[in-house]
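Engineer: give me a 3D structure for the following:
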Amino acid sequence: MQQHGIDIEALKRDENFQKDLANLEKKMRVQKSIDAGYKLLGMKLAIEAEEDEINEIFTFLVNESFDRLADRLIEKRGFDLNSSEDLATIRAIYEHGIQRYSEKDLRGSKEIFLVLNHTIDNQDLKDALMIHACSVMAGYTFEDFIEKLVDSENIDFDSPLAFLIQNFTQPKEILLGMFSKYVNLANRELKVLERK
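Structural biologist: From the prediction side, this is the model:
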């Protein structure tokens with residue numbers, strides 16, 4: 001079977017590929033590396049691995065990332081955008097928030113977006129995450145958020161932060177002004193995290 005010019009069956013039999021898979025899996029488990037988990041996930045998806053294997057990696061990514069988030073909140077320490085491990089952690093938490101939003105878990109997704117806003121020290125990303133949280137609070141469905149607020153034409157796929165929606169149909173300042181009531185509510189919720 002070929003997918004995008006890749007011979008999947010040949011890849012499954014390739015010794016070097018199998019060694020790479022084994023090494024990534026070991027690194028993921030022994031070092032609890034979320035970055036290695038994402039690389040392993042990409043390779044497993046490429047060879048169309050069993051659903052159970054894929055789900056096991058997803059479960060690791062979510063559990064480990066939320067353990068790290070809890071540690072960071074206790075330590076009152078944010079994530080480092082220059083660390084590949086921290087970026088992978090942010091990605092796992094963010095993707096879980098997006099999944100929750102798409103599944104209509106409004107409270108859970110809003111809390112995830114706000115906690116990420118609190119733990120990332122980058123104003124542009126903080127604003128993007130605040131827009132996410134405010135769209136939830138304002139009653140936008142996930143579909144409305146994507147269709148009405150997100151500019152999906154201008155995504156920089158070469159950016160290590162391409163996984164996080166940062167481009168919107170209007171400048172962030174305008175959207176934050178439009179959502180000012182919800183921004184104020186969100187900031188009050190964030191003060192609780194600052195006190196902990």
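Engineer: low pLDDT regions in this structure?
Structural biologist: Within the chain, the ranges that satisfy pLDDT under 70 run 1-6, 195-196.
Engineer: now with 50, please.
Structural biologist: 1-3 (pLDDT under 50).
Engineer: can you give me the strands for it?
Structural biologist: With DSSP state E as the criterion, the chain has strands at 2-3, 6-7.
Engineer: show me what stretch 86-96 is in contact with.
Structural biologist: 33-35, 37-38, 61-62, 64-66, 68-69, 79-81, 112, 115-116, 120, 160-161, 163-164 (Cβ atoms under 8 Å, 6 or more residues apart in numbering). (C-beta placed from N, C-alpha, C; glycine too.)
Engineer: top helix in this protein by residue count?
Structural biologist: When secondary structure is assigned using DSSP state H, the longest helix within the chain turns out to be helix 51-75.
Engineer: list the buried ones in that helix?
Structural biologist: Buried positions in helix 51-75, judged by neighbour count with 16 or more other Cβ atoms under 10 Å: 57-58, 60-62, 64-66, 68-69, 72.
Engineer: just those now: which is nearest I47?
Structural biologist: Taking Cβ to Cβ as the measure, I57 is the one of the buried residues of helix 51-75 closest to I47, at 13.0 Å.
Engineer: now that closest one: closest residue in space, sequence neighbours ignored.
Structural biologist: With Cβ to Cβ, 6 or more residues apart in numbering as the criterion, I57 has its nearest non-adjacent residue at 4.7 Å, and that residue is L41.
Engineer: how near is L87 to E15?
Structural biologist: In this view, L87 and E15 are 31 Å apart by Cβ to Cβ, to the nearest Å.
Engineer: likewise for H132?
Structural biologist: Looking at H132 against E15, where the rule is Cβ to Cβ, the gap reads 44 Å.
Engineer: just to revisit the earlier point, redo the buried residues of helix 51-75 as a markdown table? Include distance to L149.
Structural biologist: As requested, the buried residues of helix 51-75 are arranged in a markdown table below (distance: Cβ to Cβ, whole Å):
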| residue | distance to L149 |
| --- | --- |
| I57 | 31 |
| F58 | 27 |
| F60 | 32 |
| L61 | 26 |
| V62 | 25 |
| E64 | 30 |
| S65 | 25 |
| F66 | 26 |
| R68 | 29 |
| L69 | 25 |
| R72 | 28 |
